[in-house]
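In: After the sequence you'll find the predicted model.
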Amino acid sequence: MKSRNFRPINILLTIFSIFFAVLQVILLNFDSTSGTELSKLNDETDKIEIDNINLNQEIASASAIVTISVKASKLGLIQNQKLISLNGALPIALSSGRSL
Amino acid sequence: MENRIKIVFYFSLLLFLAIILRLFSWQVTSSETLEGLSERQTLTTFSIPAKRGKIFASDGKPLVINQRAFLVYAEPNNIKDFEKTSQILAKDLDIPFASISAKISDRSLAWVPLAHKVDEQIINKLKNKNLDGLGFLEESKRYYPEASMAAHILGFVGKNSKGEDQGYFGIEGYYNEQLKGRDGQIRKERDAQGNTILSGKITEIPAEDGRDLTLTIDKTVQYIAEKKLQEGVEKYGAKGGTVLILEPFSGAVIAAVSLPAYDPQKYNNYSNEFYKNPSIASTYEPGSTFKVLIMAAALNEGKINLDTKIEENGPIEIGGYKINTWNQKYHGIINPSQVLEYSSNVGMVIIEKLIGSDKLLNYLNDFGFGSLTGIDLQEEASPNLRSKNKWYEIDFATVSFGQGIAVTPLQMVKAVSAIANGGKIMKPYVVKKIKLPSGELINIEPKVEKEIFSKETSRIVSEMMVSAVENGETRFIEPLGYYIAGKTGTAQIPIKGHYDEDKTIASFIGFAPISKPRFVMLVTMREPTASPWGSETAAPVFFNIAKELFTYYGISSSE
């Protein structure tokens, strides 16, 4: 009686063991090959970072005040000579009683 | 038959026992040794270099950023043609042939560095030449989009004795620890092709990048100041000059220029004397510009008022010395405002006597002379103020017109800022914001060191300074329509115990607009040959810069 009940459990356990063993092999295999994917992603990230650094440098150069000044001159822009004010300088009454 | 089965059985048992013992030896007894061997084969450690913090101007535009660069190294044992390799490297790296040849032909060395911080374009050229025994390691290098602008403020990054990047002078030196960050490390298992084994060991200590700094320096004002100072130095035949501009209500440094300067990208092409920032580390005798401070002290103490009568009838004798006016002209009875207009040394000596020596020394200390300002730049220096028992009567007299005392430009501007802002001594500073790698911002707030004058004193002295510009030696060159508070200064240069007859430091200090000053500026010209006078050299440079600043800040003539 005992051996008859025992056989289905044995078979079930054996099936589970084989299943998990195969699953482990599949997962580990997947893991080991995804290292190449990770390398590719890392390479792409590095490339984008390098592009970013280079572009930052180009932007900084292009927006440098000396660069802008030279470009403005070439475009014919002239310096703003003075501020136009509707009011003149207000007189200052000095504490000494004199005024400017 | 039974015996054979028994023999096979016991033999199998022995075999299994041997296997178990071997496994026990590998997995238990020698497990650590074997694990270590395995890690050495598969575990690789990489350093994750921290990025050095960037430096920005007040508008957030970059002054210093990082660019890619490379270390070029050689493996002498893998080089086939020394002659050819040396020639190519010497040409492309711009290093003497003999130096390169000596390094790469030393076969006792497995690895030898040839050049640091080499630009990417040069590296690509070398890579295309497919030279044996040559390798490249990525490094970082500083890049200055504005070239040599604000070189003395920024400083530069060199190497320390361990070969690590280290900031020197200015901001790079003062904030080196905050800028450099901390390198990280990553250890991971790699397969035979060098790919990461994801299920393997990966341990990482992340790098902590350096902190970014935002300065109080206004790029536009800095550019204007540099351009105008360069023009002034050339026009007046000076050996050099400085322009220092502060925001009087906060102490923020808006611009600081010193000529001659250097290019921080190529700092090693310049000798050490160029690196020091004259605005904070060089001293000069301020001459007549100092009179405004002594005048303010006398007014603040109530020793004089605007109607006080000062007798300027002739030279004044002090301790066996005769003190004249600068032009040997004497105007009889004058008031304190006219003392500044005429820049009268005799008038100032009389005022100094009214203040008294003890009070005068207290004011000199309170102004900050003889002490470091504490500005956040490396290599600030300050001349010492003599102790009280080393002052003689003549010393107090000469200090009243700015001779016999050495100051730095920064100390002078810091003191005069108190006149512009209503009487407060503000601590000067250059960094206004620090950004942590996490994104958190630390704002640096202005700091009041002490209140030295009353508001009334500041107002009166400001008016006197306006009057000095309007009615003094600069009345023909000051910008029309604007009131600028200022004072000229012409100080002889002390050489070996006496003053040089011909050489001067010409200066002009002032602020504007008078209603609420936006800037305090000092211009100094060292040994101008066109004219020794501050009114004819430093003052025009000041006014040229001021005119541009009025336009830039939108300051109308009615202010």
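Out: Alright, I've got the coordinates.
In: C-alpha only now, for contacts and for neighbours.
Out: Fine.
In: For the helix or strand of chain A with the lowest mean pLDDT, enumerate the helices and strands it packs against.
Out: Here the helix or strand of chain A ranked lowest by mean pLDDT, DSSP states H and E is helix A:2-62, holding a mean of 84. Helices and strands touching helix A:2-62, by 3 or more C-alpha pairs under 8 Å, 6 or more residues apart in numbering or on different chains; DSSP states H and E, are strand B:62-74.
In: low-scoring stretches of the stretch 101-250 of chain B, by residue?
Out: For the stretch 101-250 of chain B, the stretches with pLDDT under 70 are B:193-201.
In: which residues of it fall in helices?
Out: According to DSSP state H, counting those that start in this stretch, the stretch 101-250 of chain B carries its helices in the segments B:120-128, B:151-154, B:170-174, B:176-180, B:219-235.
In: And the next helix or strand past the least confident helix or strand of chain A?
Out: helix A:65-74 (DSSP states H and E).
In: Tell me which residue in the stretch 301-450 of chain B sits closest to chain A.
Out: Residue nearest to chain A within the stretch 301-450 of chain B: B:Leu306 (5.5 Å; C-alpha to the nearest C-alpha).
In: neighbours around B:Gln178, how many?
Out: Neighbours of B:Gln178 under the rule other C-alpha atoms under 10 Å in any protein chain shown: 18.
In: and if you look at B:Arg4?
Out: 9.
In: Let me know the average pLDDT across the helix or strand where it lies.
Out: Assigned by DSSP H and E, B:Arg4 belongs to helix B:2-24. Mean per-residue pLDDT for helix B:2-24: 89.
In: just how off-centre is that helix within its chain?
Out: Counting by C-alpha atoms, centre = their mean, to the nearest Å, helix B:2-24 is centred 82 Å from the centre of its parent chain.
In: what do you get for stretch B:532-546?
Out: 25 Å.
In: any residues touching that stretch, and which ones?
Out: With contact meaning C-alpha atoms under 8 Å, 6 or more residues apart in numbering or on different chains, stretch B:532-546 is reached by B:224-225, B:228-229, B:232, B:236, B:473-474, B:477-479, B:488-490, B:502-508, B:521-525, B:528, B:530-531.
In: Spell out which residues of the stretch 451-559 of chain B are next to chain A.
Out: Residues of the stretch 451-559 of chain B lying close to chain A (C-alpha under 8 Å from any C-alpha of the partner chain) are B:460, B:463, B:467, B:470, B:481-483, B:547-548, B:550-551, B:554-559.
In: Just the buried residues of those.
Out: Buried subset of those (neighbour count, 16 or more other C-alpha atoms under 10 Å in any protein chain shown): B:460, B:463, B:467, B:470, B:482-483, B:547-548, B:550, B:555-559.
In: In strands, which of the contacts of stretch B:532-546 appear?
Out: Residues of the contacts of stretch B:532-546 located in strands (DSSP state E): B:488-490, B:502-508, B:521-525.
In: From chain A, how far out is B:Lys51?
Out: 11 Å (C-alpha to the nearest C-alpha, to the nearest Å).
In: Good, we can wrap up now.
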